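Participant: Need a 3D model of the sequence below.
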Amino acid sequence: MFKKKLFLAAVLSTLLACNSQAEVIHSTWVGGERGHWSDYTKWDPAIIPFNTASQQFFVTIDSNSIGPEGVEIFLDCSGCIPPGPGNVVVSQVDCYGKVELTGSELTLVDPNGLRNHGCLKLELKSWGNVQNSPRGLLLADPMEAHAGNLLNEAGAQIQVEGSESLDVYEGSIQNFGAILVIPNGEIWAEYKLENSGLIEMYDGECLADQVLHNQTPGIIRGYGAMHSDQLINNAGCIQSLGGSLLLHSRAGFEHPYTPNWGVINTGRLVNSPGTSLTVVVWVPDVNNQGRIEVNADGSVVFDCNLNNEPNAAISIKGGTLAAKTIRQAAGAKFEGFGSITTACVTIEPNTPSEPNSIIRLTGPTNIVGDVNISKGATLEISDGTTLVTGHCTCTEGTIHMIGGAIILQGGFTNNNCRVIWEPGLYTNVADFNVDGKVNLKDFAYFADTWLWQTAWH
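Facilitator: Numbering: from 1, shown residues only. Next up is the predicted model:
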């Protein structure tokens, strides 16, 4: 592979050095529904497109202009001058209509590289840039792109079919359109993978050796796995849908020789109802600076510590949030109901700049783990019962019950803790007959159902 790269580099440098002197030839496929690249009779002008020191070829393949539904071209170079085993070298290729390119390799010298304007199916290795233009559909079956970048423009689509892959070596993938990875498919970039459009995975993989960056408007959803050796940086939305989605950012056993920063979230991490989103990282912490949403009958799981930073938000809507530990900073939002599974939940102290250090639980909630309420911090419980299976320590903080209750199953250390109870807007634990009012009827109901019917009475 290394010798081959040196050879191609030498060829490309020679051709580029001669660009200013070479004749530019615009070559068009006229060979009908199928044929070999090396058949000069299939081209207009009747010359095999292959760059030399004296000629540059800009190739157009358009099935719409020649009649058949599609064009299939097998890339070989047996008739080229000089002859080769199958590596076709041209400046640029533009494809329109329905085109299928198969064979060995295609090397593109011009920065525009290979541009698709229609439906293009690739089953080959390409060298140079690949661009999928608006309304273009690129089918990888499979596809290897080397020494160049893959650009999927807004309004364009890429589909990686089952058990196939789209691999970009020595280059990056940049998506502004839509990419669909269907069962057992894979997209991979040796450099960066940047998404500003839509990536849907259904039992697929989305991989980058460097940074996997989901930009602010970008959406990645589905089930399967996302992986980066260095960093998954989410500024858009990552959503599990239809199954379990894994966010994996680990450098492997070579760490710390390969730098790794885990996962950064400034956008949205969300599980759809009935699905799970799991984050596995090498570093000990994930700092949430955006929003985490945990929906019913599903989970968001961090195989690390989770730090909810100021101005960030966690919303639990009947699902399970799990992490090794959870740290709630002053100024961060944490609200909802469901389940929290962790070794310890810590609500940090208030600060002069961030006086609001609070977790609000509204509705029935289980906390499987310890709870630490720091000085000035508040655990607020309303309209339901919160069960804490671990030990609760409150040091000059506040437990505020608003029409709710807390069960400290694992014990309670009260270090000057303020415990406040008040009726809620919708519920009141003294409303024994559940008529929405607290009055003497509730006392009579309590007396009738408990005092007068107990065994000792």
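Participant: just for the protein, where's the confidence low?
Facilitator: 1-20, 78-86, 251-258, 426-457 (pLDDT under 70).
Participant: Mind doing that once more with 80?
Facilitator: 1-21, 67-68, 77-86, 162, 250-259, 424-457 (pLDDT under 80).
Participant: Spell out, range by range, the helices that occur in it.
Facilitator: Along the chain, counting by DSSP state H, helices occupy 2-17, 440-446.
Participant: Nearest residue to Lys375 in space, ignoring adjacent ones along the chain?
Facilitator: Distances taken as Cβ to Cβ, 6 or more residues apart in numbering put Glu396 closest to Lys375, at 4.2 Å, once the chain neighbours are dropped. Placement of C-beta: from N, CA and C, glycine included.
Participant: how many other residues sit next to Pro310?
Facilitator: 16 (other Cβ atoms under 10 Å).
Participant: Would you confirm that it contacts Ala330?
Facilitator: Yes. When contacts are counted by Cβ atoms under 8 Å, Pro310 is listed as touching Ala330 (6.6 Å).
Participant: what touches both of these two?
Facilitator: Counting by Cβ atoms under 8 Å, 6 or more residues apart in numbering, the common neighbours of Pro310 and Ala330 are Glu354.
Participant: quick revisit: count of residues packed around the residue nearest to Lys375?
Facilitator: 14.
Participant: mind checking how far it is from Arg418?
Facilitator: Per Cβ to Cβ, to the nearest Å, Glu396 is found 8 Å from Arg418.
Participant: do the same with Ile173
Facilitator: For Ile173, the distance to Arg418 - Cβ to Cβ - is 54 Å.
Participant: same question, Gln174
Facilitator: Going from Gln174 to Arg418 by Cβ to Cβ gives 54 Å.
Participant: So between the two, which is more surrounded?
Facilitator: Gln174 (20 against 13).
Participant: and the more buried one, bridged to which residues?
Facilitator: Leu151, Glu194 (DSSP bridges).
Participant: can you tell me how far it sits from Leu193?
Facilitator: Taking Cβ to Cβ, one finds Gln174 at 8 Å from Leu193.
Participant: Please apply the same query to Val270.
Facilitator: Applying Cβ to Cβ, the value for Val270 to Leu193 is 20 Å.
Participant: Leu269 too?
Facilitator: Distance, Leu269 to Leu193, by Cβ to Cβ: 18 Å.
Participant: CA atoms of stretch 226-246 as PDB?
Facilitator: The C-alpha trace of stretch 226-246 is given here as PDB (Å, rounded to 0.1, in the frame of the first residue of the first chain):
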ATOM      1  CA  MET A 226     -21.300   5.800  16.600                       C
ATOM      2  CA  HIS A 227     -17.600   5.800  17.300                       C
ATOM      3  CA  SER A 228     -14.700   8.200  17.400                       C
ATOM      4  CA  ASP A 229     -11.100   7.500  18.500                       C
ATOM      5  CA  GLN A 230     -10.800  11.100  19.700                       C
ATOM      6  CA  LEU A 231     -14.100  12.900  20.300                       C
ATOM      7  CA  ILE A 232     -17.800  12.800  19.700                       C
ATOM      8  CA  ASN A 233     -18.900  16.500  19.700                       C
ATOM      9  CA  ASN A 234     -22.600  17.000  19.600                       C
ATOM     10  CA  ALA A 235     -24.000  20.500  19.000                       C
ATOM     11  CA  GLY A 236     -27.100  19.200  17.100                       C
ATOM     12  CA  CYS A 237     -29.400  16.300  18.000                       C
ATOM     13  CA  ILE A 238     -28.400  12.600  18.600                       C
ATOM     14  CA  GLN A 239     -31.500  10.400  19.100                       C
ATOM     15  CA  SER A 240     -32.000   6.700  19.600                       C
ATOM     16  CA  LEU A 241     -34.800   5.500  17.400                       C
ATOM     17  CA  GLY A 242     -36.100   2.000  16.800                       C
ATOM     18  CA  GLY A 243     -33.500   0.300  19.000                       C
ATOM     19  CA  SER A 244     -30.300   0.900  21.100                       C
ATOM     20  CA  LEU A 245     -27.800   3.500  20.000                       C
ATOM     21  CA  LEU A 246     -24.200   3.400  21.300                       C
END
